[in-house]
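Novice: structure of the sequence below:
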Amino acid sequence: MTAGDVSVLGLSEVEERLYRHCLRNPGATADGIHRHLDAPLSEVESALERLVVLTVLVDADGGYLPAPPELVVDSLTDMRLKHLHEEMRAVTQARHLVASLRSEQEGTTPVAPAVEKIDGLGNIRSRIDGLAFFARKEILSVEPYTALTQENIQHARPLDLRCIRRGVKIRSVVLSATLEDSLTVGYLRELASLGAEIRVVEEMSAHILVYDHRTALTPVDPGDSSRGALVAQEPGLVASIVALFEKIWSGGMDLEACCAEADTDRLPTLEQHVLEAMCQGTKDEIGARDLGVSVRTYRRYVANILQILDASSRPQAALLARERGWI
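Specialist: The predicted structure follows:
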C-alpha cells in the first residue's frame, strides 16, 4: 500500500501515518511519534485516541501496539460499508422532505410577482428553458413562426426530447406556413412521431407558452419580441390564457393530416438526407450519428420513407426514389 490508500476506509492521512509508524515501531509513544513524524503533539494525541476507539491501535501503558492489518482492514471496511448503507438509505428516503419544505411556504406571500416582465432575448430563453426543465404534466404552445433555423432546432431538441421521455404531454399549434420549410416540418414530424401532438392553423397572432397550467409566458408585444415577455402565475390569468389556447387548438388540423395533403414531390430535408444515406448503403448507426439523432429515430425516418414510396424494402425504395428524381 502507498500513503493515502487507507483513506477510502475512513482514516485521515495523519491517522494512517500513525498506524503505519506503529506497525514499524510497536510500542511507540505519543511523544516519540510526534517527534518522528514532525507533527503537532495535540494532533497526534487526538489521532491516537480515535485509532484506539476504532481498535486500530491498542494503548499499552502509554505505548501503542498495532492491530493486525487483516483485522484492521476488515473492521474498517465493515464500518465504512455500514455508514455508506445508512447514507444511501437516508438519501433514497428523502422524498418526505418535500412536505416539510412545502409547509414553509404556507401562509407566506409569494416572492415572485403574479405577473413578471422579462427583458432581453437571452433572459427570456433562459426562463423558457427553466420552465420546460421543471415541467411535469403538460406544455402548451402557440408559436406563430414560419420557419426554424438549424440553431433553433439544436437548442430545442434536447429540451423537447427530455420532456417527452419524462412523460410530459406536449401540445403545440403552428402556422400552415411552416409546412413550406422542410427543415421545420422534419423537426415537427420527429416530435409528433415521439408522442407530441401538433396542430396547424392558417392564421394566428397569439404567442403562448403554458407550463403545467400554472405558469404562462407571452410577449409584451406580439409584433416585437425585443420588447420582452410577461410571465404570469396568477391562477385566473393563466386559466384565461389556457382557454385561449384551447380555442385555437380546437380550430387546428393535425400535422400529419396536413402533411398528407401537402406537395409530395420532395421530402423534408432530414428525410432527404436519410434517403441519400440509405441509397449509399450507409449503416444506420453512422447515418444517425451524422444527423445527430438516435438510431431509433433514424430508423423511424427510414420507415416513413418506405411508406411514402410504397416500397417493401430499402433497395426498392432506392429504385423508386431514382425514378422520381429524388436521388
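Novice: in the stretch 151-300 of the chain, what spans have low per-residue confidence?
Specialist: 260-266 (pLDDT under 70).
Novice: which parts of it are helices?
Specialist: 182-193, 235-250, 255-261, 269-279, 284-291, 295-309 (DSSP state H, counting those that start in this stretch).
Novice: to residue 173, which of those lies closest?
Specialist: helix 235-250 (5.4 Å; Cβ to Cβ). Glycine gets a C-beta too; all of them are placed from N, C-alpha and C.
Novice: so the protein: which segments form each domain?
Specialist: 5-91, 115-261, 269-324 (automatic domain parsing).
Novice: mind putting the ones you listed in a markdown table, mean neighbour count and distance to residue 102 included?
Specialist: A markdown table is the format used below for the domains of the chain (neighbours: other Cβ atoms under 10 Å; distance: least, Cβ to Cβ, whole Å):
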| stretch | mean neighbour count | distance to residue 102 |
| --- | --- | --- |
| domain 5-91 | 15 | 19 |
| domain 115-261 | 16 | 15 |
| domain 269-324 | 16 | 37 |
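Novice: can you tell me which of these is nearest to residue 104?
Specialist: Comparing these under Cβ to Cβ, the one sitting nearest is domain 115-261, at 18.3 Å.
Novice: residues in contact with stretch 64-83: which ones?
Specialist: For stretch 64-83, the external contacting residues (Cβ atoms under 8 Å, 6 or more residues apart in numbering) are 6, 8-11, 18-19, 22-23, 26-30, 33, 48, 51-52, 54-58.
Novice: residues touching the residue of the chain positioned farthest from its centre, list them.
Specialist: The C-alpha centroid of the chain is most remote from residue 61, which lies 59.4 Å away (Cα atoms, centre = their mean). Listed by Cβ under 8 Å, 6+ apart, residue 61 has no contact partners.
Novice: and the helices of the stretch 151-300 of the chain as CSV, adding distance to residue 146?
Specialist: CSV is the format used below for these (distance: least, Cβ to Cβ, whole Å):
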stretch, distance to residue 146
helix 182-193, 8
helix 235-250, 17
helix 255-261, 14
helix 269-279, 16
helix 284-291, 23
helix 295-309, 23
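Novice: nearest to residue 118, out of the ones you listed?
Specialist: helix 235-250 (16.0 Å).
Novice: contacts for the closest one?
Specialist: Contacts for helix 235-250 (Cβ under 8 Å, 6+ apart): 114-115, 140, 142, 171, 173, 199, 201, 204, 206, 208, 210, 213-216, 218, 232.
Novice: all strands of the chain, in order?
Specialist: 28-29, 57-60, 63-66, 115-118, 138-143, 169-175, 197-201, 208-211, 215-219, 229-232, 253-254 (DSSP state E).
Novice: okay, those in JSON lines with distance to residue 97 next?
Specialist: What follows is those, written out as JSON lines (distance: least, Cβ to Cβ, whole Å):
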{"stretch": "strand 28-29", "distance to residue 97": "47"}
{"stretch": "strand 57-60", "distance to residue 97": "40"}
{"stretch": "strand 63-66", "distance to residue 97": "43"}
{"stretch": "strand 115-118", "distance to residue 97": "28"}
{"stretch": "strand 138-143", "distance to residue 97": "26"}
{"stretch": "strand 169-175", "distance to residue 97": "28"}
{"stretch": "strand 197-201", "distance to residue 97": "35"}
{"stretch": "strand 208-211", "distance to residue 97": "24"}
{"stretch": "strand 215-219", "distance to residue 97": "23"}
{"stretch": "strand 229-232", "distance to residue 97": "27"}
{"stretch": "strand 253-254", "distance to residue 97": "43"}
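Novice: with respect to residue 281, which of those strands lies nearest?
Specialist: Nearest to residue 281, of all the strands of the chain, is strand 197-201, at 33.1 Å by Cβ to Cβ.
Novice: partner strands of that closest one and their direction?
Specialist: strand 169-175 (parallel), strand 253-254 (antiparallel) (DSSP bridges).
Novice: so can I have CSV of those strands showing distance to residue 305?
Specialist: What follows is those, written out as CSV (distance: least, Cβ to Cβ, whole Å):
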stretch, distance to residue 305
strand 169-175, 23
strand 253-254, 21
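Novice: that older thread, for residue 324, which of the helices of the stretch 151-300 of the chain is the nearest?
Specialist: helix 295-309 (7.9 Å).
Novice: tabulate the CA atom coordinates of the closest one in PDB.
Specialist: The C-alpha coordinates for helix 295-309 follow below in PDB (Å, rounded to 0.1, in the frame of the first residue of the first chain):
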ATOM      1  CA  VAL A 295     -30.600   5.100 -34.200                       C
ATOM      2  CA  ARG A 296     -34.300   4.600 -33.300                       C
ATOM      3  CA  THR A 297     -35.300   8.000 -34.700                       C
ATOM      4  CA  TYR A 298     -33.200   7.400 -37.800                       C
ATOM      5  CA  ARG A 299     -34.900   4.100 -38.500                       C
ATOM      6  CA  ARG A 300     -38.300   5.800 -38.000                       C
ATOM      7  CA  TYR A 301     -37.300   8.100 -40.800                       C
ATOM      8  CA  VAL A 302     -36.400   5.100 -42.900                       C
ATOM      9  CA  ALA A 303     -39.800   3.500 -42.200                       C
ATOM     10  CA  ASN A 304     -41.500   6.800 -43.200                       C
ATOM     11  CA  ILE A 305     -39.600   7.000 -46.500                       C
ATOM     12  CA  LEU A 306     -40.600   3.400 -47.300                       C
ATOM     13  CA  GLN A 307     -44.200   4.300 -46.600                       C
ATOM     14  CA  ILE A 308     -44.100   7.400 -48.700                       C
ATOM     15  CA  LEU A 309     -42.600   5.500 -51.600                       C
END
